[in-house]
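[1] below are the sequence and a predicted model for it; my questions follow.
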Amino acid sequence: MVSTNTKCGVTLGLVSALGLGSAHAAQSAPANLEEMWKIIQQQQKEIEALKGKAQENEALKEEVKSLKAAQETQTKSAPPAVADAGGKGAPAKTAVERKTDILATEVEKLKTQLFIPESREYKSQYGLGPAASQVYRVNRGLSIGGYGEAMYTNYTANKGSNKDSADLLRAVIYAGYKFNDWIILNNEIEFEHATTGEGSEEKGEVSVEFSQLDFLLHKNANIRAGLMLMPMGFINEMHEPTTFHGNIRPDVERYIIPSTWREVGAGLFGEVVPDLQYRMYAVNGLNAEEFSNQGIREGRQGGSKAAAENFAFTGRLDYTPSFAPGLLVGASTFLGNAAQDNFVKANGKKADVFTQLYEGHVQWHYRGLEVRALGAWGHIGDAGLVSRQNTSAARDKDPTADDVIVGKENYGWYTEAAYDIMPLLWKESTQYLAPFLRYERYDTIAQAPDGFDDDRSWDRRIYQGGLTYKPIPNISIKADYRNISAASGQRPHEFNLGVGFIY
């Protein structure tokens, strides 16, 4: 039986360690001294096991050295080799040589297991996609992952000048580094459309999607800093192709919530109470000089020499109740000025161009059923001033350019349902086969500024259906059809066929 003094001493030691901020975010406080002592005993066992592995590794190294020395001595004193039956003169391995090879292989195996696990667990962590979350689960050092997706598009109606296309949409590398138990670097490097090229081959680009440092201090409050994904909607943070249906990300999460959206800043993340997680950051603001008829999408600065005269706040809450497994309910917002000192009112005062975006979402997975719904609404201050100035800038480049109309309000929503029918077709199969349906409704100019007519070509509805097949969880093969209609003008209808993967 351990004395009370001993337990109290251990308790004080743990409290001091937590005060230094080195506790892991997922660690929970013990309920009493007995539970704390059990945790200490378990950790001691793990430490002893690691020590044993290290000692075993060193012992094997020493044995290999001694065997190699014995082998060299034996080789010097051994008689000349006798030719084998084929007359090639290759000597048979001695027992010492065979044992040396076996031990050397075991040493390399032990060394490899310290860095490369035999199997990977793919699940989302801290708001990131399954592949992007790998770095949080390595013991120490470098972690490599990634994803990619390719697609063929055939325009079936209202084709106009559009050409059918085949495209490697993106190939992405995750490179993370775990410095210790509480400091982690995570990076996403994206190559779009297969090449940046030159001249007529200049089609794609290479971008840093995010590059952030996480300081895992406590389950309730951790620090994140760097180039970060805005925590809005389903797709912006978790955009790996195996995590959503259809080959093209939902338009509502491309134009109203302009994925992939990342900015430079810092903030906190963690859980308020069990089952209730949050993320909140202060970041550089958008650049309203790039706002257009399609909304705020081109106002993203992406950490590329970003103007930072104005800052913004973004935050998110997600509730995953333990009493309803598979249910997620959440909301997020982005608030901040976007003028960046580039807009002046008629009275000579600088405009703020205060930009607001609010979003709510719900997701439910029950057995083979998957349901998603998301809605977003935005408001842009000084929209008339921005429209006039951006129109003038466009006509300086091209006198025939149309008006640039920045909506005072914008909105979008969609609902989606899918069902995994593979268990109905093949009960023992671990594969996945799900038909899905999605309906989208959005308008980037829900209210035009005074003095401008509405551009109703951005008032759209999309009916989409398709099929997602996963032979293994890391690979998705998708087919979908999108029927797109607008309040003004005709939009092409699309058949898309694609493949995506994560690793």
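    Thanks, I have it.
[2] low-confidence stretches in the stretch 151-300 of the chain?
    Applying pLDDT under 70 to the stretch 151-300 of the chain flags the ranges 200.
[3] was I right to think Ala417 contacts Gly368?
    No: Ala417 lies out of contact with Gly368 (Cβ atoms under 8 Å); the separation is 11.2 Å. (Each C-beta comes from the backbone N, C-alpha and C, glycine too.)
[4] please enumerate the strands of the stretch 201-350 of the chain.
    206-218, 221-229, 262-273, 276-284, 311-319, 327-337 (DSSP state E, counting those that start in this stretch).
[5] Lys478 is nearest to which of the ones you listed?
    Of all the strands of the stretch 201-350 of the chain, the one in closest proximity to Lys478, counting by Cβ to Cβ, is strand 206-218 (21.3 Å).
[6] which residues of the chain fall in helices?
    Taking DSSP state H as the criterion, the chain carries its helices at 4-19, 33-77, 95-113, 383-397, 422-425.
[7] return the helix or strand in this protein with minimum mean pLDDT.
    helix 4-19 (a mean of 38; mean pLDDT, DSSP states H and E).
[8] ok, Pro141 - how many residues close by?
    Actually, residue 141 is Gly rather than Pro. Residues lying near Gly141 (other Cβ atoms under 10 Å) number 12.
[9] please report how far it lies from Gly348.
    Noted for Gly141: a distance of 57 Å to Gly348, by Cβ to Cβ, to the nearest Å.
[10] what's the answer for Arg297, then?
    Computed as Cβ to Cβ, the Arg297 to Gly348 distance reads 31 Å.
[11] those two: which is more packed in?
    Legend: neighbour count by other Cβ under 10 Å for Arg297 and Gly348, higher for Arg297 (18 against 6).
[12] Gln490 against Asn158, yeah?
    Yes: the pair Gln490 and Asn158 passes the contact test of Cβ under 8 Å, sitting 4.3 Å apart.
[13] which stretch among the strands of the stretch 201-350 of the chain comes nearest Ile502?
    Short answer: strand 206-218, nearest of the strands of the stretch 201-350 of the chain by Cβ to Cβ, at 14.3 Å.
[14] residues of the closest one that come out buried?
    Residues of strand 206-218 classed as buried by neighbour count (16 or more other Cβ atoms under 10 Å): Ser207, Glu209, Phe210, Ser211, Gln212, Leu213, Asp214, Leu216, Leu217, His218.
[15] quick check: phi and psi at Gly302.
    phi 60, psi 20 (degrees, to the nearest 10).
[16] ok, it touching Ser259?
    No: look at Gly302 against Ser259 with Cβ under 8 Å: they stay out of range, at 11.9 Å.
[17] neighbour count winner among those two?
    Ser259 (23 against 15).
[18] what sits against that one?
    Contacts for Ser259 (Cβ atoms under 8 Å, 6 or more residues apart in numbering) come out as Gly233, Ile235, Asn236, His239, Arg249, Glu253.
[19] quick one: contacts of stretch 311-318?
    For stretch 311-318, contacts defined as Cβ under 8 Å, 6+ apart pick out 127, 230-232, 263, 265, 272, 276-286, 328-338, 355.
[20] average pLDDT for stretch 340-351?
    Averaging pLDDT along stretch 340-351 gives 94.
[21] what residues does it touch?
    Contacts to stretch 340-351, defined as Cβ under 8 Å, 6+ apart, come from residues 285, 287-289, 307-310, 339, 353, 381-382, 385-386, 389.
[22] buried residues, that stretch. List them.
    Neighbour-count burial for stretch 340-351, counted by 16+ other Cβ under 10 Å, picks out Gln340, Asn342, Phe343, Ala351.
[23] relative to Ala324, which of these is nearest.
    For those, the nearest to Ala324 is Gln340 (43.7 Å; Cβ to Cβ).
[24] now the closest residue to Asn186 other than its chain neighbours: how far from Ala373?
    Distance criterion Cβ to Cβ, 6 or more residues apart in numbering; nearest residue to Asn186, sequence neighbours excluded, is Gly176 at 4.5 Å. The spacing between Gly176 and Ala373, counted by Cβ to Cβ, is 32 Å.
[25] more neighbours: the two, which one.
    Legend: neighbour count by other Cβ under 10 Å for Gly176 and Ala373, higher for Gly176 (22 against 15).
[26] you'd agree the more buried one is up against Ile183?
    No: with contacts counted by Cβ under 8 Å, Gly176 stays clear of Ile183, the gap being 11.5 Å.
[27] what does stretch 199-215 contact?
    21, 126, 172, 182-197, 222-229, 260, 262, 302-303.
[28] buried only: go through these for me.
    For the contacts of stretch 199-215, buried by 16+ other Cβ under 10 Å: 126, 172, 182, 184-192, 222-224, 226-229, 260, 262, 303.
[29] adding distance to Tyr136, write the buried residues of stretch 340-351 out as a markdown table.
    Below are these laid out as a markdown table (distance: Cβ to Cβ, whole Å):
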| residue | distance to Tyr136 |
| --- | --- |
| Gln340 | 35 |
| Asn342 | 40 |
| Phe343 | 42 |
| Ala351 | 42 |
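[30] closest one of the residues you listed to Arg137?
    Gln340 (39.5 Å).
[31] which residue is the nearest non-sequential neighbour of the closest one?
    Leaving aside its sequence neighbours, Gln340 sits nearest to Ala307 (Cβ to Cβ, 6+ apart; 4.1 Å).
[32] from Asn187, how far off is that neighbour?
    24 Å.
[33] now do Gly204 against Gly197, distance only.
    7 Å.
[34] I am finished for the moment; much appreciated.
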